[in-house]
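Undergrad: Sequence first, predicted coordinates after that:
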Amino acid sequence: MLYFSRWKIYTILAVCLLGIVLALPNVLGRDTLAALPHWYGQNRVHLGLDLRGGSHLLLEVDMGAVVRERLEGLVDGARTQLRTANIGYTGLSAGDRQVTIQLRDPAQAEEAVRQLKQLAINVGGGPLGGGLPDITTSVNGNTVTLALSDEAVRQRAQQAVEQSIEIVRRRIDETGVSEPTIARQGLDRILVQLPGVDDPDRVKRLLGTTAKMTFRLVDPNADPSTGRAPPGSEILPSAEGGRGQGSYVIRRKIEVDGANLTNATAGTNNQNGEWVVNFEFDSQGARRFAEVTKQNVGRPFAIVLDNKVISAPVIREPITGGRGQISGSFNAQSANDLAVLLRAGALPAPLKVIEERTVGPDLGADSIRAGLISVIVGFGMVCVYMLAAYGLFGAMACFGLLVNLVLTIAALSIMQATLTLPGIAGILLMLGLAVDANILINERIREEAKKGRTPFAAMEAGFSRAYATIIDANLTTAIKMALLFIFGVGTVKGFAVTITFGILISMFTATVLVRLLMVSWLRRAKPAALPV
């Protein structure tokens, strides 16, 4: 174990030099980083929320809204299917995960079931498609029941969370927040951490808005002041910024879905200078928009956002270009926010903020300062002990510890990991764990030297006999950190990653790098006794 070929020496030195190069972007200024190649400058450790300051939000997906929306769709679909098939009914209502239909003629129950089965949507399909229908039908006399299956509810819940995460990420990216953390937590919750955010209320409004936009016709024969809407219609309030009366009677049928939007931008009206939102449809949306506006010239056409009417302009002429404009009492920020929401897409269900924390930049700076001081003090105390206990070999161990720290930062930089306060605590703990290997080696060398072995023999025996113990100790620690990473969340995972990198790198620094230093000194000095 005391022989190093030339290529091994060069490889060890190259690894150390590479670690320094990779860790360097973390201490360079922004101007210097801007002058470096992008692929190199971006490989650095990012500061977490508790160090940089920012907002922490825990959002919950409203699963009840997902079920209610599907039931409403079943009610509208059942009404259309039964009328088309000339099947009379006296009652149609939605309850707990089911829709109940009272037929006039029980003899039509079989035909009604056949028609209503067409409303089913396949769920749980794999890569090859297919899946199971999301509704089950049952008949009891003249009563037909459509019930959502448990599998359908689970699938819709999973899809809602996954879709919400993607849309939240798009919305945050549109606001320009750098290095956000967006992750699923539990079954129906989303963790959002936004370092450096100086206006958390605006971000919270953007994330809390469902932004489901539809284009629907206004019912011209109904009066909203009566408080009652005819079948197939509903009364919706005017949104803040909406014009005209305080509420509208809107057809439930969606003429054009906001999902067909391809772009939305804020701008100003050339005629009056007011802020507006310009939007564009895809080919399918443009075709449908042209058909509706061509067939309903002279009728008001409502733009509905989250069950509130933004505006209801009268269709003056067919709009065939696939472009439109939303007007209202917008200012620059509200118009831009609406454009962001429409570009990112609608959430499948409302998001509720159930936990919110804001960390100021001053508190983050104090945390960085305290973390650096703790690492420096911890490193210094370890070095003082090693120098006092093992002299020259202790100094070599301290050098190896310093290289370990640099290589750990380099490894975190390659991963572009986020450093948090628990991560700094992990670095501090890693210093103590890493030096354990050197202590084991030096103690074994001291024992062998006391037995009267020559310096070369004592060092050879010390390294070979301590190696198995070092492997066992580090392996058990790595297993514990793996469990923390698997079952932990957030900063706990960062702590586990930091410790794992530290102990793996210590296998190189303690048993390879420090051994090279000790062997090189031993061959050059040829001492009669070892300095331990």
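TA: The structure has been received and is ready for your questions. All figures in this text were calculated on a predicted structure; none of them were measured in a lab.
Undergrad: Which element, helix or strand, includes the spatially closest residue to residue 57 that is not a sequence neighbour?
TA: Leaving aside its sequence neighbours, residue 57 sits nearest to residue 192 (Cβ to Cβ, 6 or more residues apart in numbering; 4.4 Å). (Glycine included, C-beta is placed from N, CA and C.) Using DSSP states H and E, residue 192 sits in strand 189-195.
Undergrad: So what are the sheet partners of that strand and their directions?
TA: Its sheet considered, strand 189-195 pairs with strand 54-61 (antiparallel), strand 181-185 (antiparallel) by DSSP bridges.
Undergrad: tell me which residues of the helix or strand just after it are tucked away?
TA: Sequence-wise, the next helix or strand downstream of strand 189-195 (DSSP H and E) is helix 200-208. Neighbour counts over helix 200-208 (16 or more other Cβ atoms under 10 Å) mark 200, 203-204, 206-207 as buried.
Undergrad: And the residue lying closest to residue 283 once chain neighbours are set aside, what's its pLDDT?
TA: Nearest non-adjacent residue to residue 283, counting by Cβ to Cβ, 6+ apart: residue 322, 7.6 Å away. pLDDT for residue 322: 83.
Undergrad: Could I get the contacting residues of residue 255?
TA: Residues in contact with residue 255 (Cβ atoms under 8 Å, 6 or more residues apart in numbering) are 214-217, 288, 292, 301.
Undergrad: Can you tell me the centre-most residue of this structure?
TA: residue 182 (2.0 Å; Cα atoms, centre = their mean).
Undergrad: now that one: how far from residue 465?
TA: Using Cβ to Cβ, to the nearest Å, we find residue 182 at a distance of 50 Å from residue 465.
Undergrad: Residue 378 too?
TA: Distance, residue 378 to residue 465, using Cβ to Cβ: 29 Å.
Undergrad: Thought residue 510 was touching residue 467, still the case?
TA: No. The criterion here is Cβ atoms under 8 Å, and residue 467 misses it with residue 510 at 9.9 Å.
Undergrad: What about the residue nearest to residue 57, how many residues nearby?
TA: Using other Cβ atoms under 10 Å, residue 192 has 25 neighbouring residues.
Undergrad: Please name the residues that touch it.
TA: Listed by Cβ under 8 Å, 6+ apart, the contact set of residue 192 reads 55-59, 168, 172, 180-182, 207.
Undergrad: By neighbour count, which of those wins?
TA: The member of the contacts of residue 192 that has the most neighbours, counting by other Cβ under 10 Å, is residue 59 with 26 neighbours.
Undergrad: Kindly state the beta-bridge partners for that one.
TA: Here residue 59 sits in beta bridges with residue 190, residue 353, as judged by DSSP bridges.
Undergrad: Might one say that it is in contact with residue 356?
TA: No. Look at residue 59 against residue 356 with Cβ under 8 Å: they stay out of range, at 9.7 Å.
Undergrad: Which residue ranges make up the domains of the protein?
TA: Domain assignment for the chain, taken from automatic domain parsing, gives 6-48+362-525, 54-162+179-192, 209-347.
Undergrad: ok now the first one, how far from the chain's centre?
TA: Relative to its chain's centre, domain 6-48+362-525 lies at 31 Å (Cα atoms, centre = their mean, to the nearest Å).
Undergrad: Give me the mean pLDDT for it.
TA: 87.
Undergrad: Spit out the contact partners of residue 410.
TA: 18-23.
Undergrad: Then residue 306?
TA: By Cβ under 8 Å, 6+ apart, the contact list for residue 306 reads 209-212.
Undergrad: what two of those residues are the furthest from one another?
TA: Largest separation among the contacts of residue 306 by Cβ to Cβ: 209 and 212, giving 9.3 Å.
Undergrad: okay, and the common contacts of the two?
TA: 306, 347.
Undergrad: picking up where we left off before, could you dump the domains of the chain into TSV with distance to residue 531 added?
TA: Below are these laid out as TSV (distance: least, Cβ to Cβ, whole Å):
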stretch	distance to residue 531
domain 6-48+362-525	5
domain 54-162+179-192	48
domain 209-347	66
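Undergrad: Dump stretch 402-411 to PDB, restricted to CA.
TA: Extracted C-alpha coordinates of stretch 402-411, given in PDB (Å, rounded to 0.1, in the frame of the first residue of the first chain):
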ATOM      1  CA  LEU A 402      -9.400  20.900   3.400                       C
ATOM      2  CA  VAL A 403      -9.300  19.100   0.100                       C
ATOM      3  CA  ASN A 404     -12.300  17.000   1.200                       C
ATOM      4  CA  LEU A 405     -14.200  20.300   1.800                       C
ATOM      5  CA  VAL A 406     -13.200  21.600  -1.700                       C
ATOM      6  CA  LEU A 407     -14.200  18.400  -3.500                       C
ATOM      7  CA  THR A 408     -17.500  18.300  -1.600                       C
ATOM      8  CA  ILE A 409     -18.400  21.800  -2.800                       C
ATOM      9  CA  ALA A 410     -17.200  20.800  -6.300                       C
ATOM     10  CA  ALA A 411     -19.600  17.800  -6.300                       C
END
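Undergrad: Identify each buried residue in that stretch, please.
TA: Those would be 403-411, for stretch 402-411 by 16+ other Cβ under 10 Å.
Undergrad: again with stretch 322-340
TA: Going by neighbour count (16+ other Cβ under 10 Å), the buried part of stretch 322-340 is 322, 324, 326-328, 330, 334-340.
Undergrad: Let me see the ranges of the strands in the stretch 1-150 of the chain.
TA: Along the stretch 1-150 of the chain, counting by DSSP state E, counting those that start in this stretch, strands occupy 46-47, 54-61, 89-94, 98-103, 122-123, 132-133, 135-140, 143-148.
Undergrad: got it, and the stretch 401-532 of the chain?
TA: Along the stretch 401-532 of the chain, counting by DSSP E, counting those that start in this stretch, strands occupy 418-419.
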